[in-house]
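# Here is a sequence with its predicted model. Questions after.
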Amino acid sequence: MERKTVTTTLKIKNLDDGGHFDGYASVFGVQDSDGDVIVKGAFQASIDRMQSGGRRPKMLWQHNPTMMIGSWQAVREDDNGLYVKGSLIMETEKGREAYALMKAGELDAMSVGFNIDEATGDRGLVIERADLWEISLVTWGANPDALIANVKGIQTEREFESFLRDAGFSRKEATRISGNGFRQASDQRDADQEKRLAMIETLKKLSFNQGVIT
């Protein structure tokens, strides 16, 4: 069972002073950077299970499970995609930051995190059933400083590959880079801070050379 994230432009219908907003977290029938397509009905079983148990997907900041910034009051499928209605928790620092960025028009992307339960295809998957677990407000495109912070916090090669895919690399590119760059970084884990930062800078340059991160 593969874990995946898909990012879409955040089309906010409303944003009030209390941090309430709504829009689409995913749009059906649109090919993502990996060539995969989510079809209508993919999330429905997962949504039904959560609702029957009185649960909802988590609202996270940048897919960080330690940064919950709000809550979703409504999550449902329609003909267009995955419609969501939520509110930011303004008592949190990141909730206030997200609100300010959304109001300024700078924060304009959401990303759904899910496990693929059923899919067809090879190079490009048609995702027919997915287990939805979180919906994040995210930055479209990677910030070099954020890249450094995230690489420093990654502990396994799988986490590094997942990070690269969140940053916009294809599945193939992320696998190739993590297979080389992460092992080099791991060898330096016990080195002093200067060597560690030098390795991270190398990884950052490697990312830019792919022509994906801007």
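Yep, it's here. Numbers count the residues shown, from 1 in each chain.
# Next one: Gly81 from Gly124, what distance?
18 Å (CB to CB, to the nearest Å). (Glycine included, C-beta is placed from N, CA and C.)
# So which of the two has more stuff around it?
Under the criterion of other CB atoms under 10 Å, the comparison of Gly81 against Gly124 puts Gly81 first, with 21 against 13.
# tell me the pLDDT at that one?
You'll see Gly81 listed with a pLDDT of 90.
# That one is in contact with Val37, isn't it?
No: judged on CB atoms under 8 Å, Gly81 makes no contact with Val37 at a distance of 11.8 Å.
# Going by secondary structure, Lys94 is in what exactly?
helix 93-103 (DSSP states H and E).
# how about that helix: buried residues?
Lys94, Gly95, Ala98, Tyr99, Met102 (16 or more other CB atoms under 10 Å).
# all strands of the chain, in order?
Taking DSSP state E to define them, one finds strands in the chain at 3-9, 14-15, 20-27, 37-38, 58-61, 64-77, 81-88, 109-120, 126-138.
# pLDDT averaged over the helix holding Lys94 - what is it?
Here the average pLDDT along helix 93-103 is 90.
# Which neighbouring elements make contact with that helix?
On a contact count with 3 or more CB pairs under 8 Å, 6 or more residues apart in numbering; DSSP states H and E, helix 93-103 meets strand 14-15, strand 64-77, strand 81-88.
# okay, the angle between that helix and strand 126-138?
Helix 93-103 and strand 126-138 are oriented at 100 degrees to each other (axes from the mean of the first three to the mean of the last three CA atoms, to 10 degrees).
# Not counting helix 93-103 itself, show me its contacts.
10, 12, 15, 19, 21, 61, 67, 69-70, 88-90, 107-108, 137 (CB atoms under 8 Å, 6 or more residues apart in numbering).
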